[in-house]
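S.K.: Generate a structure from the sequence data that follows.
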Amino acid sequence: MSSDIRRRGLMLVLSSPSGAGKTTLSRRLLDSDPRITMSVSATTRQPRKGEEEGRDYYFVSPSMFGQMVAGDGFLEHATVFGNQYGTPIEPVQMALAKGRDVLFDIDWQGTQQLRQRAGDDLVSIFVLPPSHAELERRLRARAQDAEDVVRARMAKANNEISHWAEYDYVVINDDLESTLDKITTILAAERMKRGRQTGIAEFARQLMD
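M.R.: Prediction:
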């Protein structure tokens, strides 16, 4: 059956300014589609309460992280607030080879690094808020951050939004369900690309025999 045709997985990146909704969209996508898995990063920071090794992060020492960088073991890596974070290559490549898709919740800097390494395996989507005012409203509605943090996030948003043109697709998150539908449509189309269907040549030969 055509549904059994072998396929190479893809790397799906969702990026957005803080408050535009990419974390919620990522969770909904993971809950609705068993063929996609979340990328697990390695980090040098200490585990927080409730976090599990291999599910939330791979917790490593700074020296181990340095060895992985030196050994070209990351697809992308960065230092954030004094802690190092990186995406190990091996688990991602294993998932792609098995036809599973890997979701990345990373910023534009990580996406730039990933594009250099991933090539045709990468599909990138930038999520925009419907307006500046709505972005600020969402940040305040979370009631998680102090006023100075909200202002800092709003100031950073302009820089993040300026990189929208570097992405394959851009969606405006004015309605969660509609935006999720757009993302799943993009994912479905990308999965069907001829170059990702590694078993299509054999299937076509069988049809012609």
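S.K.: now the strands: where do they sit in this protein?
M.R.: 11-15, 36-38, 41-43, 57-59, 74-80, 83-88, 101-105, 122-128, 169-172 (DSSP state E).
S.K.: how about the helices of this protein, start to end?
M.R.: Secondary structure of the chain (DSSP state H): helices at 22-32, 62-70, 89-97, 108-118, 132-141, 147-161, 176-191, 200-208.
S.K.: ok and the fifth one relative to helix 147-161, angle-wise?
M.R.: Same thing as helix 132-141. 140 degrees (axes from the mean of the first three to the mean of the last three C-alpha atoms, to 10 degrees).
S.K.: So which elements touch helix 132-141?
M.R.: Here helix 132-141 touches helix 147-161, going by 3 or more C-beta pairs under 8 Å, 6 or more residues apart in numbering; DSSP states H and E. No exception for glycine: its C-beta is placed from N, CA and C like everyone else's.
S.K.: what angle do the helix it packs on and strand 122-128 make?
M.R.: Going by the same axes, to 10 degrees, helix 147-161 makes 130 degrees with strand 122-128.
S.K.: Show me which residues of helix 147-161 are buried.
M.R.: Residues 150, 153, 154, 157, 160, 161 are the ones in helix 147-161 that count as buried (16 or more other C-beta atoms under 10 Å).
S.K.: can you list contacts of it?
M.R.: 15-19, 107-108, 128, 135-136, 139-140, 145 (C-beta atoms under 8 Å, 6 or more residues apart in numbering).
S.K.: tell me the contacts of the nearest residue to residue 196 once chain neighbours are set aside?
M.R.: Spatially, and ignoring its direct neighbours in sequence, residue 196 is nearest to residue 8 (5.1 Å; C-beta to C-beta, 6 or more residues apart in numbering). Taking C-beta under 8 Å, 6+ apart, we find residue 8 in contact with 96, 97, 99, 121, 196, 198.
S.K.: if we go to 10 Å?
M.R.: Contacts of residue 8 were listed using C-beta atoms under 10 Å, 6 or more residues apart in numbering, and they are 96-101, 120-121, 191, 193, 195-199.
S.K.: ok, back up a step: which of the contacts of helix 147-161 sits closest to residue 48?
M.R.: Nearest to residue 48, judged by C-beta to C-beta, of the contacts of helix 147-161 is residue 145 at 17.0 Å.
S.K.: sorry, back to before: would you check the contacts of helix 147-161 and say which has the weakest pLDDT?
M.R.: The member of those with the lowest pLDDT is residue 145, and it reads 57.
S.K.: picking up where we left off before, selecting buried members of the contacts of helix 147-161 in PyMOL, what would you type?
M.R.: Here is the PyMOL command that selects the buried residues among these (16+ other C-beta under 10 Å):
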select buried, resi 15+16+17+18+19+107+108+128+135+136+139
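S.K.: The contacts of helix 147-161: which two are farthest apart?
M.R.: Farthest pair in these, by C-beta to C-beta: 108 and 140, 24.0 Å.
S.K.: in this protein, what secondary structure element scores lowest on mean pLDDT?
M.R.: helix 132-141 (a mean of 74; mean pLDDT, DSSP states H and E).
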